[in-house]
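Engineer: Quick one: sequence plus predicted model below, questions after.
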Amino acid sequence: MSATSYLLFIGVRPRLEFALDAELDEWGASKKRTRARGGVELRVSRDELWRLAHGLRLAESLRVRIGSAPAHNFDELLGALKKVNLSPWLDRRQVPRVHVAAHRSSLFHTGAIEERLQQALVGRAASDSPEEGPPTAPTRDAADLHVRIVRNVAQFSIEAGGRELFKRGFRKGTVRAPARETLAAAVVRLGLKERPEAVWDPFMGGGTMLLETALRYHFPALPRRFAFERWPTHDDVAYRELLAAGVRSEASAADVPLPLYGCDVAESALRAAAQNLTANAAAIGATFTADRCDFLEFCERVPRGAAVVTNLPWGGRLREGGRGLYRRFGAMVGEAGRFGEVVVLNSSPSFAEATGLRWDICSDLRVGSKRVQILAHRPS
Ligand SMILES: C[S@@+](CC[C@H](N)C(=O)[O-])C[C@H]1O[C@@H](n2cnc3c(N)ncnc32)[C@H](O)[C@@H]1O
């Protein structure tokens, strides 16, 4: 086990900070945390960083804080950058991509700040290796350096997760407007109080909700790369050993595969879900049964007591109009003793009333310009 530790900022969708905190508790992370809007900061060991990268389901970004200093003007800012030791994170010749945010500060033109910092970093790469010709500009796979200036103090962070951290690497088949994995994970985490015996998504699309339900209870090494794997200090042998031993060593072995059921009226959804779920069933600790049909036709095939987890169809995309479908859905899940917990991601104001059921609001979020709610109906 390495003695290296990092001050890590874990970004999350605003209003889900408390849920990320709960996730960190489950991973046994240090209780000394600072919760801010949009994230949680804490100190982690190197191995913890690796485990959390593979295991956290709500995290939108992982950034290591690498320095901070006053920056009232460009001279101060460039001086502050010079003092940051970049060598653990960047090869001598590597020029990172710079991302700037500025609030309540004398330096506020983020485009100009980015340009000046980028120039300075090109200069650094050139002076570190004068014999190798002119330095390159950031390449497509360049590391990401985040500079956040708040009240004239600049904070430098290096990206540890990588762009599009929400992509687990399992979802290869796509449908129109799939749910983002991290949002689906929030639905599962906030909606399901207990691990169900079986799960059904009656409107499964490409199967994101089912995938994330399985990943709530099973922690495979994700088939994707993380930014920290490119750090010059990265110990790939130790990393591979940790993954081989299991991302969450106390879990896994005794896990019983979670039976997942899904249906959808669209052929394209069936194809995508098969690519995402049938192909990955063993890796995500699940079995998968699906068909192309209306949800009421499929209902009989779902075991009694199964949980229902779904991202509801809405608006103009519905052939029969929202209210009719929601009424049928409400009558089905409201049948006494038929299902366990029912959790939905809903963006339609008419849904709850049309079902005639009582729904607990687990969370109220904004996704782009849309208001969405995570709702749960629990058997009495
Ligand atoms: C919001 S999308 C689900 C997206 C999915 N969560 C994903 O990430 O890919 C809703 C899905 O419901 C399906 N659908 C609409 N009416 C249906 C019905 N009556 N029975 C079954 N599926 C239906 C649509 O074809 C669409 O794929």
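Structural biologist: Yes, it's here. Numbers count the residues shown, from 1 in each chain.
Engineer: Now do the SS call for Ala281.
Structural biologist: The three-state assignment at Ala281 reads coil, by DSSP: H, G, I helix; E, B strand; the rest coil.
Engineer: list the contacts for the nearest residue to it once chain neighbours are set aside?
Structural biologist: Take Ala281 and drop its neighbours on the chain: the residue closest to it by Cβ to Cβ, 6 or more residues apart in numbering is Phe288, 5.0 Å away. C-betas here are computed from N, CA, C, even on glycine. By Cβ atoms under 8 Å, 6 or more residues apart in numbering, Phe288 lies in contact with Gly207, Leu210, Leu260, Tyr261, Gly262, Ala273, Leu277, Thr278, Ala281.
Engineer: quick one, helices of the stretch 101-250 of the chain?
Structural biologist: Counting by DSSP state H, counting those that start in this stretch, the stretch 101-250 of the chain has helices at residues 110-128, 181-191, 208-217, 236-245.
Engineer: quick one, which of those is packed in tightest?
Structural biologist: Mean neighbours per residue, mean count of other Cβ atoms under 10 Å, is largest over the helices of the stretch 101-250 of the chain for helix 208-217, with a mean of 26.
Engineer: Is there proximity between that helix and the ligand?
Structural biologist: Yes - contact of helix 208-217 with the ligand (Cβ under 6 Å from any ligand atom) involves Thr208, Met209.
Engineer: which residues are in contact with that helix?
Structural biologist: The contact list for helix 208-217, computed with Cβ under 8 Å, 6+ apart, reads 57, 168, 170-171, 178-181, 184-185, 187-189, 192, 195-196, 199, 201, 204, 255, 258, 260, 262, 273, 276-277, 280, 284-286, 288, 307, 309-311, 345.
Engineer: swap in stretch 353-363?
Structural biologist: 15-16, 19, 186, 190-191, 322-323, 326-327, 329-331, 333-334, 343-344, 352, 373-378.
Engineer: and with 6 Å instead?
Structural biologist: By Cβ atoms under 6 Å, 6 or more residues apart in numbering, the list of residues contacting stretch 353-363 from outside reads 190-191, 323, 326-327, 330, 334, 352, 373-377.
Engineer: Check stretch 53-67 too.
Structural biologist: Contacts for stretch 53-67 (Cβ under 6 Å, 6+ apart): 6-12, 16, 19-20, 23, 84, 146, 156-161, 165, 182, 185-186, 219, 221-222, 226, 247-248.
Engineer: re earlier: doesn't the residue nearest to Ala281 lie inside a strand?
Structural biologist: Yes - using three-state DSSP, the assignment for Phe288 is a strand.
Engineer: Bridge partners for it, pull those for me.
Structural biologist: Here Phe288 sits in beta bridges with Leu260, going by DSSP bridges.
Engineer: Identify the residues contacting Gly11.
Structural biologist: Counted by Cβ under 6 Å, 6+ apart, Gly11 has contacts Gly38, Gly39, Glu60, Ser61.
Engineer: Arg104 too?
Structural biologist: Arg104 makes contact with Arg151 under the criterion Cβ under 6 Å, 6+ apart.
Engineer: repeat that with 7 Å
Structural biologist: Counting by Cβ atoms under 7 Å, 6 or more residues apart in numbering, Arg104 touches Val150, Arg151.
Engineer: what residues does the stretch 151-300 of the chain put near the ligand?
Structural biologist: Residues of the stretch 151-300 of the chain lying close to the ligand by Cβ under 6 Å from any ligand atom are 175, 178-179, 202-203, 205-206, 208-209, 263-266, 269, 294-295.
Engineer: Would you mind giving me the ChimeraX syntax to select the buried ones in those?
Structural biologist: To isolate the buried ones among these in ChimeraX, judged by 16 or more other Cβ atoms under 10 Å, type:
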select :175,178,179,202,203,205,206,208,209,263,264,269,295
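Engineer: What score does the residue in the chain that the ligand sits nearest to have for pLDDT?
Structural biologist: Residue nearest to the ligand within the chain: Gly205 (2.6 Å; Cβ to the nearest ligand atom). You'll see Gly205 listed with a pLDDT of 97.
Engineer: The chain should start at 56 in everything you say after this.
Structural biologist: All right, first residue 56 from here; so that's Gly260.
Engineer: Torsion angles phi and psi at the closest residue to it other than its chain neighbours?
Structural biologist: Nearest non-adjacent residue to Gly260, counting by Cβ to Cβ, 6+ apart: Val230, 4.6 Å away. The phi and psi values for Val230, taken as degrees, to the nearest 10, are phi -130, psi 170.
Engineer: And Val230, how close does it get to Gly262?
Structural biologist: Going from Val230 to Gly262 by Cβ to Cβ, to the nearest Å gives 9 Å.
Engineer: So which of the contacts of helix 263-272 belong to strands?
Structural biologist: When these are checked against strands (DSSP state E), the matches are Val254, Asp256, Leu313, Leu315, Gly317, Ala341, Phe343, Ala362, Val364, Thr365, Asn366, Leu400.
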